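> Sequence isn't available, so here's the structure alone:
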């Protein structure tokens, strides 16, 4: 499908999806959510890692509140169920690693869109803002799921109730995101990380994501069983055999993602 609100590129096994409505700080409207859903589902056929970022000075400012004639026209529940949930599930279930490259402000649903990705890398000047309480709403777009798991209930509650911006450095310190890079070298850092994952053991990464996520719902016995099952699958991949051979031969591994 042709894209009008996002940019889609694929090169060297890296798929980059850029939210491209810079005039409204890449806010999410119905069309963008549909295009993003399509792009995320398409990405595994075109590459081995997906990078999600924003055009110009913002990552994503959240829901486009101008995407309806009046406030009364906004069916919040319907929009979340019909448009946000499929998009977020596609990101969460993506079989390849996903990186949110937060180049600027990530606010409201935009902040939680970033947190839906496997890894978040932020520019030093970026901020994360759970802006919902400023207009009488609760965090959505998965925010009530991801935020307390990443930063704990005390910080999640404070971020949600006070709706104060969290700097990139603070987000790193809290464990909300993986790392921060200086603005001047941010794109190089994202490229470096994306290349690392794009040339790694893709199936092993998929199984790793599955195992880590299962741990929140499993008992120790259940998690040990999950580990054994998934490790058995990993041990039957080409990449495992290649990794061991490369280690024994003292050479870099050449993974094929299978």
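Arrived safely. Note that the structure is a prediction, hence the values are computed from the model and not measured.
> what about residue 137, how many neighbours?
Around residue 137 there are 12 other residues, counting by other CB atoms under 10 Å. For the C-beta atoms, the positions are set from N, CA and C on the backbone; glycine is no exception.
> and it, helix, strand or coil?
coil (DSSP: H, G, I helix; E, B strand; the rest coil).
> can you tell me how far residue 201 sits from residue 255?
5 Å (CB to CB, to the nearest Å).
> what touches both of those two?
In terms of CB atoms under 8 Å, 6 or more residues apart in numbering, residue 201 and residue 255 are both contacted by the residues 239, 243.
> List the buried residues in the helix or strand bottoming out on mean pLDDT in the chain.
Within the chain, no helix or strand scores below helix 76-79, which has a mean of 91 by mean pLDDT, DSSP states H and E. The neighbour-count check on helix 76-79 (16 or more other CB atoms under 10 Å) flags residue 79 as buried.
> how far is that helix from where the chain is centred?
22 Å (CA atoms, centre = their mean, to the nearest Å).
> Tell me which residues are up against the helix or strand hosting residue 244.
Using DSSP states H and E, residue 244 sits within helix 238-249. The contact list for helix 238-249 (CB under 8 Å, 6+ apart) reads 201-204, 234, 252-258.
> again, 10 Å this time
Helix 238-249 has contacts (CB atoms under 10 Å, 6 or more residues apart in numbering) with 200-205, 231, 233-235, 237, 251-258.
> I'd say residue 215 and residue 222 touch.
Yes - with contacts counted by CB atoms under 10 Å, residue 215 reaches residue 222, the gap being 9.1 Å.
> Compute the distance between residue 231 and residue 223, please.
12 Å.
> same deal with residue 233?
Counting by CB to CB - residue 233 and residue 223 are separated by 16 Å.
> Please name the residues that touch residue 197.
13-14, 47-51, 96-99, 118-119, 205.
> Cheers, nothing more for now.
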